[in-house]
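1. Need coordinates for the following:
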Amino acid sequence: MAIDDPLELDTRRRIYQHLLKFPGQHLREIGRVLEIAMGTLEYHLHYLVKADLLTTRQDTRYTRYFATTGMSRQDRDVLAMMRQEVPRQIAAHLLLDPGAAHATILEQFELSASTLSFHLTKLVKADIVAREKRGRENLYTIRDPDRVARVLIQHRATFFDDVIDRFANVWQALEPRGERLDDDDQAGAPPPPADARGDADGRSETKGGGVLIVWAQRCARVARAGVGAAFAALLGAWRPKRRRLAARSPAPRFAGAE
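-> Numbering: from 1, shown residues only. Here you go, the predicted structure:
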């Protein structure tokens, strides 16, 4: 007797193909797009998870679904968090302004201080952001900027987020593809600017034997360009949208909505 194909049914095949294109969506998003009743959708999602064709990630509100192929476990962890609007845009800010203090980040967002702290704590617990106490301030940095930026850029079309579209343009302009240095390239490469070297502030990393100085150099270029002005420009089309969404924002309350 032939083994049943988990994707033999059209409904299951549609769900699976949709999640290949839109990984990390939750139940209601999938049902809304595919126009499948919630009970039916839950049954087929459960079946596909048992068949090891889908896997899940749980955030504070939703179970998010991913195909088991095509993405690494770490990328799925990042994307699950980046599916949330406020954490996603905070991450974009920290990629452009690594080591920013809470007060500096707050200047760029229409959020209360407590709400910003709530979302930063989520990012820290998810191991996406590192928090460092320096004097009376907390400073925040993306732990793996390469990975987070790549996930944001690769999936930018699925976020429907003007801020991320503009972020991607800025980020790619600062680092054209192929600029990362490997071991052989480093020998003849100039050192990063003095204010961007990473031993003291974590601005450069060592991975696979290769020192990644590209990010430190990018950060120095961003600093020279003026991070505050650059990110304010990114947020220009975002703030009116956030005010419109405020009415349906869940607790905790803030001026914008996730």
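2. gap between the residue lying closest to Ala168 once chain neighbours are set aside and Gly99?
-> Closest residue to Ala168 apart from its sequence neighbours, by C-beta to C-beta, 6 or more residues apart in numbering: Ile153 at 4.7 Å. Heads up, the C-betas are built off the backbone N, CA and C, glycines and all. Between Ile153 and Gly99 the distance is 22 Å, computed by C-beta to C-beta, to the nearest Å.
3. Quick one: neighbours of Pro98, just the number.
-> 25 (other C-beta atoms under 10 Å).
4. returning to that earlier point: so is the residue nearest to Ala168 in a helix, a strand, or just coil?
-> Using DSSP: H, G, I helix; E, B strand; the rest coil, the structure places Ile153 in helix.
5. go on, Lys133?
-> strand.
6. What residues are bridge-paired with it?
-> Asn138 (DSSP bridges).
7. And the strands in the stretch 51-200 of the chain, which stretches?
-> In the stretch 51-200 of the chain, the strands defined using DSSP state E, counting those that start in this stretch lie at 54-58, 63-67, 100-101, 129-134, 137-142.
8. May I see those strands arranged in a markdown table, with mean neighbour count, distance to Ser112 and mean pLDDT as well?
-> Formatted as a markdown table, these follow (neighbours: other C-beta atoms under 10 Å; distance: least, C-beta to C-beta, whole Å; pLDDT from 0 to 100):
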| stretch | mean neighbour count | distance to Ser112 | mean pLDDT |
| --- | --- | --- | --- |
| strand 54-58 | 17 | 26 | 96 |
| strand 63-67 | 21 | 26 | 97 |
| strand 100-101 | 20 | 16 | 95 |
| strand 129-134 | 14 | 19 | 94 |
| strand 137-142 | 19 | 16 | 95 |
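9. Just put those in JSON lines and tack on distance to Leu27.
-> As requested, the strands of the stretch 51-200 of the chain are exported to JSON lines (distance: least, C-beta to C-beta, whole Å):
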{"stretch": "strand 54-58", "distance to Leu27": "10"}
{"stretch": "strand 63-67", "distance to Leu27": "7"}
{"stretch": "strand 100-101", "distance to Leu27": "34"}
{"stretch": "strand 129-134", "distance to Leu27": "27"}
{"stretch": "strand 137-142", "distance to Leu27": "29"}
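10. Of those, which is nearest Phe160?
-> strand 63-67 (16.4 Å; C-beta to C-beta).
11. for the closest one, packing partners?
-> Using 3 or more C-beta pairs under 8 Å, 6 or more residues apart in numbering; DSSP states H and E, the elements in contact with strand 63-67 are helix 10-21, strand 25-26, helix 27-34, strand 54-58, helix 73-82.
12. out of these, nearest to Thr141?
-> For Thr141, the closest of the helices and strands packed on strand 63-67 is helix 73-82, at 15.0 Å, according to C-beta to C-beta.
13. Alpha carbons of the closest one, as PDB, please.
-> Only the C-alpha atoms of helix 73-82 are listed here, as PDB (Å, rounded to 0.1, in the frame of the first residue of the first chain):
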ATOM      1  CA  ARG A  73      16.500  27.400  13.000                       C
ATOM      2  CA  GLN A  74      18.200  30.700  14.000                       C
ATOM      3  CA  ASP A  75      16.600  32.500  11.000                       C
ATOM      4  CA  ARG A  76      13.200  31.200  12.100                       C
ATOM      5  CA  ASP A  77      13.800  32.500  15.600                       C
ATOM      6  CA  VAL A  78      14.600  35.900  14.300                       C
ATOM      7  CA  LEU A  79      11.800  36.100  11.800                       C
ATOM      8  CA  ALA A  80       9.200  35.000  14.400                       C
ATOM      9  CA  MET A  81      10.100  38.200  16.400                       C
ATOM     10  CA  MET A  82      10.400  40.400  13.300                       C
END
